[in-house]
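*Asks:* let's see this in three dimensions:
(3 chains)
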Amino acid sequence: MIKFHRIPITPGELSLDNVLQCGQAFRWIYHKDKSHYSTTMRFGNQYHILVMKQPDNTCVEFSVMGTANPDTAHVADHLKNYFRLEVPLDKLLRTEWAVRDSNFKMKLHRGVRLLSQDPWETLISYICSSNNNISRITKMCHSLCAQFGNKLGEHDGVEYYSFPTSDEIKERASEEKLRSLGFGYRAKFIMGTARKMVEDRRNLPDSQYLESWKDHLTYEQIRDKFMAFPGVGPKVADCVCLSGMQMDDVVPVDVHIARIAQRDYKFTLNKSKIEELQIQYSDLPVTRKKVNYELDLIRIMFKEKWGDFAGWAQGILFAQEVGKTSGATSEGMIKKRSLEVEIKVEVTDTLGQYQTVEEESIEYSVTGRPKRKSAKRDSYES
DNA sequence: CCCAGACCTCTAGA
DNA sequence: ATCTAGAGGTCTG
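*Replies:* Numbers count the residues shown, from 1 in each chain, chains lettered A, B, ... in the order given. Have a look, this model is predicted:
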């Protein structure tokens, strides 16, 4: 039997359901029969199969499967970092956002946090996100691992793989293969990005190379370097900065956030500020070429309004906005996903307590390859 | 610099 | 069942 280890949480600071399914991470699998999530994750230079669940709002529990038994305290530390548990979400809401922003006074964070994900994996995942929906992005990320990563083990009929490195994508994948796997026009971007990465990173591992940018470059320079990869525009670059580089003040502006800016914040263009930006970016050729100045001003407005953790505030509004458009109740924010699992739809009562009110069953394929229905049932139905 | 279109597929909803 | 709009954008002309 799986032995779980407990990580205590300040009540309400983290909702595993909301964080893992809001469209920030794409490689967690929900097992409805056991009410837990599983994925693979790299701790240092070693990949592990990880299982997590949240019995209540005071803790999460984890278990590491397969391979050598890693040090539990070591894994716990990595997970505390992955979930950024040192960041006091509720305090930020009360003392930073709600006091400066009247639109935030009525908001609840619902345990939606920003993650500290692997930068390379985040980069490739968000390249897949362009003009795409969450369920397909999820499928593509799993497919990438199953086809080009390394197999780590198998549990409950699910095969687990590492996320492929730039070398592995360059050597094992091709635009043609990726297209046949359903990546569409993103196939060329992924191959181009992998090739450029192999070239740029020299002897460093992918993520270590990307993280090293933070040592000597500004945000604007880092974004410019991300945008030098094919398939990476300002929105994808900002997402990688925020969710993969721990750059908490970055606000990625997508269609939803742009709508919020106009609808709820009455955002209007300022011509002189655009000119300032054009000057500021004049020595950043890639940014100057790819950036949309109106969207970039929205990013800056939110950063000034929300402060050092502006990206976290964006995450909360985004999760709520997408929850609305995906047919969930305005109270909850769990959206339907393409997982053959049961997604719990949560609502919050006036005390901010979570209640499960509704469940629905949907479909999922782990490898991205067509799977037999009977096999899927065997794997997930209890 | 700004503005359209095009771009691959697939999923959700009608 | 079928069918169609639209999906956390980016690139090109």
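
*Asks:* switch to C-alpha atoms for all contacts and neighbour counts from now on
*Replies:* OK.

*Asks:* what about A:Pro252, is that helix, strand or coil?
*Replies:* Three states are possible here, and by DSSP: H, G, I helix; E, B strand; the rest coil the one that applies to A:Pro252 is coil.

*Asks:* ok, how many other residues are close to it?
*Replies:* If you count neighbours by other C-alpha atoms under 10 Å, A:Pro252 ends up with 26.

*Asks:* ok, A:Cys145 touching A:Glu168?
*Replies:* No. When contacts are counted by C-alpha atoms under 8 Å, A:Cys145 is not listed as touching A:Glu168 (10.2 Å).

*Asks:* between these two, which one's more packed in?
*Replies:* Legend: neighbour count by other C-alpha under 10 Å for A:Cys145 and A:Glu168, higher for A:Cys145 (23 against 15).

*Asks:* just give the nearest non-adjacent residue to the more buried one, would you?
*Replies:* Among residues not flanking A:Cys145 along the chain, A:Phe163 sits closest, at 4.9 Å (C-alpha to C-alpha, 6 or more residues apart in numbering).

*Asks:* where does the one you found land in three-state SS?
*Replies:* coil.

*Asks:* also A:Leu50?
*Replies:* strand.

*Asks:* and for A:Asn103?
*Replies:* Applying three-state DSSP: A:Asn103 is helix.

*Asks:* flag the shaky bits of the stretch 101-250 of chain A, pLDDT-wise.
*Replies:* Within the stretch 101-250 of chain A, not a single segment meets pLDDT under 70.

*Asks:* what residues does it have near DNA strand C?
*Replies:* A:127, A:129-134, A:227, A:229-237 (C-alpha under 7 Å from any atom of the strand).

*Asks:* and the strands in chain A?
*Replies:* A:5-8, A:29-31, A:36-43, A:46-56, A:59-65, A:151-155, A:158-161, A:342-348, A:354-361 (DSSP state E).

*Asks:* and those, which is most packed in?
*Replies:* Per-stretch averages of neighbours, counted by mean count of other C-alpha atoms under 10 Å, single out strand A:29-31 among the strands of chain A, with a mean of 23.

*Asks:* are it and DNA strand B in contact anywhere?
*Replies:* No. Strand A:29-31 lies out of reach of DNA strand B by C-alpha under 7 Å from any atom of the strand, never closer than 14.3 Å.

*Asks:* what's the model's confidence in that strand, averaged?
*Replies:* Regarding strand A:29-31, the rounded mean pLDDT is 94.

*Asks:* quick check on the spatially closest residue to A:Lys196 that is not a sequence neighbour: phi, psi?
*Replies:* Distances taken as C-alpha to C-alpha, 6+ apart place A:Phe229 nearest to A:Lys196, at 7.2 Å, with adjacent residues excluded. With angles defined as degrees, to the nearest 10, A:Phe229 sits at phi -80, psi 140.

*Asks:* tell me the pLDDT at the residue lying farthest from the centre of chain A?
*Replies:* For chain A, the largest distance from the centre (C-alpha atoms, centre = their mean) belongs to A:Ser272, which lies 34.3 Å off. pLDDT recorded at A:Ser272 is 96.

*Asks:* wait, doesn't A:Leu152 sit right on A:Phe163?
*Replies:* No. Between A:Leu152 and A:Phe163 there is no contact under C-alpha under 8 Å: 10.6 Å.

*Asks:* how far away is A:Ala237 from A:Leu16?
*Replies:* Distance, A:Ala237 to A:Leu16, using C-alpha to C-alpha, to the nearest Å: 25 Å.
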